[in-house]
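Student: Got a sequence here, can you build the structure:
(one chain, ligands or ions: 1)
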Amino acid sequence: MKKNKVYRSRAGRRRNMALPLLLVLILVAVAAVLLIGLDAEKAPDPKPGDSQSQPAQQPENPAEEQPEKEPESSRPEEADPEPEDEPAAPVEKLEGDGKEIAIPASLAGADHLFPAGNGDYRLILVNKEYTMPNEISDLPLKNIGDGYRVQADMYDALVEMMNDAKAAGLPLYIVSGYRPIERSRVLYENKVQEYLNAGYSEEDARAEAGMWIAPPGTSEHSTGLAADLISADYYTKLPDLLPEFEEFEEAKWLKEHCAEYGFILRFPKGKEDITQVVFEPWHFRYVGKEAAAAIMEAGITLEEYLGVA
Ligand SMILES: [Zn+2]
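Tutor: Just a heads-up that it's a prediction; the model follows:
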């Protein structure tokens, strides 16, 4: 205690001695500024990627831009950044529909997930009824930026779509990509626990949690073929991922053009009875151009397209 007092006292004396010196320095600085002529308008240009730069400046790669704000915790399943080790790079335009994607070997035996029966991974069906039996351990993934990964073949189509949206003045931002089943399990069980803590029975807690977070094995984010996309300024206007996103120009553009890149609006409005998921104007699923055109033109769901609805 005594030591502290001594220290403070010495420090106080040093401050007293420093004050006149500080005043002199300030006077010198003011004089220098007057001599040179300070131009307040001449602010430095923002660096690329600077948080001050406007989305309208159209960065080279939309996937490298951050959303204004992280998604809120009430929908944590819609935002789960994965560790990233390399930035995404723009790719050349795809020619035609591209090849079918082979089904990963780790899904051998999970024939129920492929009602189309043609061996094309792009047409995998995962929902609350068609559950993934295990993690896809051999799924090729690619970093799309902001810590998100997607299936490697779908990556090309997604980057092309995002680049074209940007060129149309509507930069898109990814807020969810590949999500391992194990990650879904953690998110889901956390939500269940919230309801248990609030006094719900085990059964009710699981039912309620399932309304918000797809139970493990039932989210197509675990296939790597789904992406949640929003506009640059989304979180300045809406607090969470909400159906009102459909009114944004970005959502309208996505709905109109997604099929050109092989994507579908996976959970459309008015089809909740079939998908068992609320209307999600931000959730896009890669199915390939042929299936996407058929689904979006007919205004149907993947379940209907595959004949299981
Ligand atoms: Zn989603």
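Student: got the contact list for the residue nearest to residue 115 when sequence neighbours are not counted?
Tutor: The shortest distance from residue 115 to any non-neighbouring residue, by CB to CB, 6 or more residues apart in numbering, is to residue 306 (4.4 Å). Where you see a C-beta, it was placed from the backbone N, CA and C, and this is true even at glycine. Listed by CB atoms under 8 Å, 6 or more residues apart in numbering, the contact set of residue 306 reads 115-116, 123, 125.
Student: cool, residue 123 as well?
Tutor: Neighbours of residue 123 in contact, by CB under 8 Å, 6+ apart: 114, 116, 287-288, 291, 302, 306.
Student: can we see that at 10 Å?
Tutor: Going by CB atoms under 10 Å, 6 or more residues apart in numbering, residue 123 touches 100-101, 103, 113-117, 225, 287-288, 290-291, 302, 305-306.
Student: ok, those residues vs residue 273, which is closest?
Tutor: residue 302 (14.3 Å; CB to CB).
Student: So that closest one sits against residue 295, correct?
Tutor: Yes: the criterion here is CB atoms under 10 Å, and residue 302 meets it with residue 295 at 6.6 Å.
Student: Please say which of those two ends up with more neighbours.
Tutor: residue 302 (27 against 24; other CB atoms under 10 Å).
Student: In contact with the more buried one: list those residues for me.
Tutor: Applying CB under 10 Å, 6+ apart, the residues near residue 302 are 115-116, 123-127, 220, 264, 266-267, 271, 274-275, 285, 287, 291-292, 295, 308-309.
Student: So it versus the ion, what's the distance?
Tutor: 14 Å (CB to the ion, to the nearest Å).
Student: likewise residue 254?
Tutor: 13 Å.
Student: that's a helix at that residue, yeah?
Tutor: Yes: assessed by DSSP: H, G, I helix; E, B strand; the rest coil, residue 254 belongs to a helix.
Student: so what sits against both of residue 302 and residue 295?
Tutor: Counting by CB under 10 Å, 6+ apart, the residues touching both residue 302 and residue 295 are 264, 266, 285, 287.
Student: And the helices in the stretch 51-200 of the chain?
Tutor: Taking DSSP state H, counting those that start in this stretch as the test, the helices found in the stretch 51-200 of the chain are 152-167, 181-197.
Student: Kindly state the beta-bridge partners for the residue in the chain positioned nearest to the ion.
Tutor: Closest residue of the chain to the ion, CB to the ion: residue 283 (3.7 Å). Here residue 283 sits in beta bridges with residue 228, going by DSSP bridges.
Student: Quick check: it touching residue 246?
Tutor: No: applying CB under 10 Å, one finds residue 283 not in contact with residue 246, separated by 11.9 Å.
Student: more neighbours, these two?
Tutor: residue 283 (20 against 16).
Student: wait, what's in contact with the more buried one?
Tutor: 78, 176, 220-221, 226-229, 241, 264-267, 277.
Student: I'd like the mean pLDDT over stretch 132-148, please.
Tutor: Predicted confidence along stretch 132-148 averages 94 (mean pLDDT).
Student: what's the neighbour count on residue 278?
Tutor: Neighbour tally, residue 278, other CB under 10 Å: 12.
Student: Pretty sure residue 132 is one of the things residue 216 touches, is it not?
Tutor: Yes: using CB under 10 Å, residue 216 is in contact with residue 132, at 8.4 Å.
Student: okay, the residue nearest to residue 115: pLDDT?
Tutor: On the pLDDT scale, residue 306 gets 97.
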